[in-house]
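below are the sequence and a predicted model for it; my questions follow.
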Amino acid sequence: MSSLKDNINPDKLPKHVAIIMDGNGRWAKQKGKHRIFGHKNGVTSVREAAEAAAELGISYLTLYAFSTENWSRPKTEVNALMSLLLQTIKDEVVTMNNNNIRLNAIGDLENLPPRNYKHLLKAIEQTSKNDRMTLTLALSYSSRWEILQAVRQIGEKVKNGSLRPEEIDQQVFEKHLTTNNIPDPELLIRTSGEYRISNFMLWQIAYSELYFSPKFWPDFRKEDLYEAILDYQCRERRFGKTSEQILKK
Ligand code: IPE
Ligand code: IPE
Ligand code: MG
């Protein structure tokens, strides 16, 4: 029996897969446990997704781990998430180096607890020479925050005369986003059966294929990523053109 992985066409892989990792709390509740238990188990899924993506030859994997809006959760949950993040970053540097994975982060990182910020920058530095896959964590990230900080930077440049308003095009704008060195994701996955974007990469997903998995994040495994990619490979990406135009190529 051929496995899901064998059915993936290596010539039609997305370069960039982004995942909204959702459902940790509900997963834990279902088991009669505290939400934090769900977050802890979500780390296994992060490992699985990163390993599977790297093995397939995907160049960029982006994981939405903590949103700007998540700061409004109960303090105990926020603190537990920050501790877990710190521990995971510290623990995984060796594995990332063994697997030639470069760590990257996007978001309002300076808003993270100082210890997290420090260790995050250190891990990014320690993995900066790796070039098999870039693993980007979206932390204290929201797309509206990102777009506003881009607009502010552009406004400053116009004010000081280094940029003319008529020079502002898509490319110039994108340079001011935190994803400036990452291509747009071809595939966006959200777990837990929620059908929304929750302030994630609003600009970058303009033409992304969306895939919704009913599984809670702690249950997400390599096979689930394969399934999402197989689904993606069956789609016709038209970018506004007609199907005939696409097939003629
Ligand atoms: C995703 O799981 C993790 C974060 C947002 C930090 P949730 O914590 O949102 O879990 P649910 O959606 O409440 O089940
Ligand atoms: C989105 O999940 C953010 C992350 C996965 C980090 P949420 O659980 O915060 O989203 P909503 O509140 O259900 O939209
Ligand atoms: Mg959620």
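Received the coordinates, thanks. Ligands and ions are numbered 1, 2, ... in the order given.

from here on, contacts and neighbour counts on C-alpha atoms
Noted.

kindly report the residues of this protein close to ligand 1.
The chain comes close to ligand 1 at residues 21, 22, 23, 24, 25, 26, 65, 66, as judged by C-alpha under 6 Å from any ligand atom.

for the nearest residue to the third one once chain neighbours are set aside, give me its contacts.
Pointing back at residue 23 there. Sequence neighbours aside, residue 216 is the residue nearest to residue 23 in space, at 4.5 Å (criterion: C-alpha to C-alpha, 6 or more residues apart in numbering). Taking C-alpha atoms under 8 Å, 6 or more residues apart in numbering, we find residue 216 in contact with 22, 23, 24, 26, 27, 191, 192, 193.

the third one and residue 80: what is the separation?
To tie it back to what came earlier, the one meant is residue 24. 13 Å (C-alpha to C-alpha, to the nearest Å).

do the last one as well
With the distance defined as C-alpha to C-alpha, residue 193 ends up 24 Å from residue 80.

which residues does residue 224 contact?
By C-alpha under 8 Å, 6+ apart, no residues touch residue 224.

same check, this time on the one 4 residues further on
Contact analysis of residue 228 by C-alpha under 8 Å, 6+ apart lists 189, 211.

just the buried positions in the strand or helix carrying it, please.
Residue 228 belongs to helix 222-233 when elements are defined using DSSP states H and E. Going by neighbour count (16 or more other C-alpha atoms under 10 Å), the buried part of helix 222-233 is 222, 224, 225, 226, 227, 228, 229, 230, 232, 233.

and residue 13, what does it touch?
The neighbours of residue 13, taking C-alpha under 8 Å, 6+ apart as the test, are 57, 58, 229, 233.

what about 7 Å?
Listed by C-alpha atoms under 7 Å, 6 or more residues apart in numbering, the contact set of residue 13 reads residue 58.

next one: it from residue 175, what distance?
Taking C-alpha to C-alpha, one finds residue 13 at 25 Å from residue 175.

and residue 24 and residue 80? Which one has more around it.
Higher neighbour count among residue 24 and residue 80: residue 24, with 23 against 16, using other C-alpha atoms under 10 Å.
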